[in-house]
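> sequence plus predicted model, see below.
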Amino acid sequence: EIVMTQSPGTLSVSPGERVTLSCRASQSISTDLAWYQQRPGQAPRLLIHGASNRATGIPARFSGSGSGTEFTLTISSLQSEDFAIYYCQQFNNWPPITFGQGTRLDIK
Amino acid sequence: EVQLVESGGGLAKPGGSVRLSCAASGFSFSSYSMNWLRQAPGKGLEWVSFISTGGSHIYYAESVKGRFTVSRDNGKNSLYLQMDSLRAEDTAVYYCAREYCGGGTCYSDYWGQGSRVTVSS
């Protein structure tokens, strides 16, 4: 089973700041990685697929990069609606499909 | 507009059963594989089960294997999860999600709003 590890667990940031979230896979997953955003009380929403491709309707301030075992999600200028939990997910070697434990963005 | 609507959740006793349904609309349901995922209270996301377009390929997480059964009815645009021998640790919000595969990779591009299952005596 591929273990996905996200860091940090929680990040306190101010609106307008640039933030980078990390996700590491326990073995190479090429670019078979997706990022999801989950706001409180809502279902997850797809942000990025294939490590760097924005999903339909996702603002350009969200960008993803990486391949192999190291991946990042960058939000260039945080908006109030971006304070949420972010999960990475691998679809390379499955089953099982596995997720990171999530990174929570809090307002500083 | 793609819509996935789960139903069937509620309170069940340990050892009991629940059947979740997921009604799909706005896309050709029979052309897409589907997943069930869950989220325990205050916890992260966990994949539960996968079913291919025609139902010939089915996979389960080890934590539910032998207790849960996924199925689909393409004529009714519906996905199901039969949950038997329920345990307290099955308490979670259960999501159905469409699996999209393209460009050499796959991902869950649309999710339902979730159905809460609570297992308690």
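Great, that's in hand. All values reported here derive from a predicted model rather than from experimental measurement. Numbering: from 1, shown residues only, chains lettered A, B, ... in the order given.

> ok, which stretches of chain B are strands?
B:3-7, B:10-12, B:18-25, B:33-39, B:45-51, B:58-60, B:68-73, B:78-83, B:92-102, B:105-111, B:115-119 (DSSP state E).

> nearest to A:Thr31, out of those?
strand B:105-111 (6.7 Å; CB to CB). No exception for glycine: its C-beta is placed from N, CA and C like everyone else's.

> against which helices or strands is that closest one packed?
strand A:33-38, strand A:45-49, strand B:33-39, strand B:92-102 (3 or more CB pairs under 8 Å, 6 or more residues apart in numbering or on different chains; DSSP states H and E).

> so does the last one get close to chain A?
Yes: between strand B:92-102 and chain A, judged by CB under 8 Å from any CB of the partner chain, the touching residues are B:Tyr95, B:Tyr100.

> from chain A, how far off is the nearest residue to B:Arg38 once chain neighbours are set aside?
In this structure, B:Arg38 finds its nearest non-sequential neighbour in B:Ala92, 3.9 Å apart by CB to CB, 6 or more residues apart in numbering or on different chains. From B:Ala92 across to chain A, the span is 13 Å (CB to the nearest CB, to the nearest Å).

> you'd agree B:Ala92 is up against B:Gly42?
No: checked against CB atoms under 8 Å, the pair B:Ala92 and B:Gly42 is beyond contact range at 10.5 Å.

> higher neighbour count, those two?
More crowded of B:Ala92 and B:Gly42, by other CB atoms under 10 Å in any protein chain shown: B:Ala92, with 22 against 5.

> give the residue farthest from the middle of chain A.
Most distant from the centre of chain A: A:Pro95, at 20.3 Å, with distances by CA atoms, centre = their mean.

> that one falls within a strand, correct?
No: A:Pro95 is assigned coil when assessed by DSSP: H, G, I helix; E, B strand; the rest coil, not a strand.

> next up, phi/psi of it, please.
In terms of degrees, to the nearest 10, the main-chain angles of A:Pro95 are phi -80, psi 160.

> excluding its backbone neighbours, what's nearest it?
B:Tyr59 (4.1 Å).

> again with A:Ala34
Per CB to CB, 6+ apart, closest to A:Ala34 is B:Tyr107, 4.1 Å.

> now for A:Phe62: which residues touch it?
Going by CB atoms under 8 Å, 6 or more residues apart in numbering or on different chains, A:Phe62 touches A:Trp35, A:Leu47, A:Ile48, A:Arg54, A:Leu73, A:Thr74, A:Ile75.

> what remains of the residues you listed if I keep only buried residues?
A:Trp35, A:Leu47, A:Ile48, A:Arg54, A:Leu73, A:Ile75 (16 or more other CB atoms under 10 Å in any protein chain shown).
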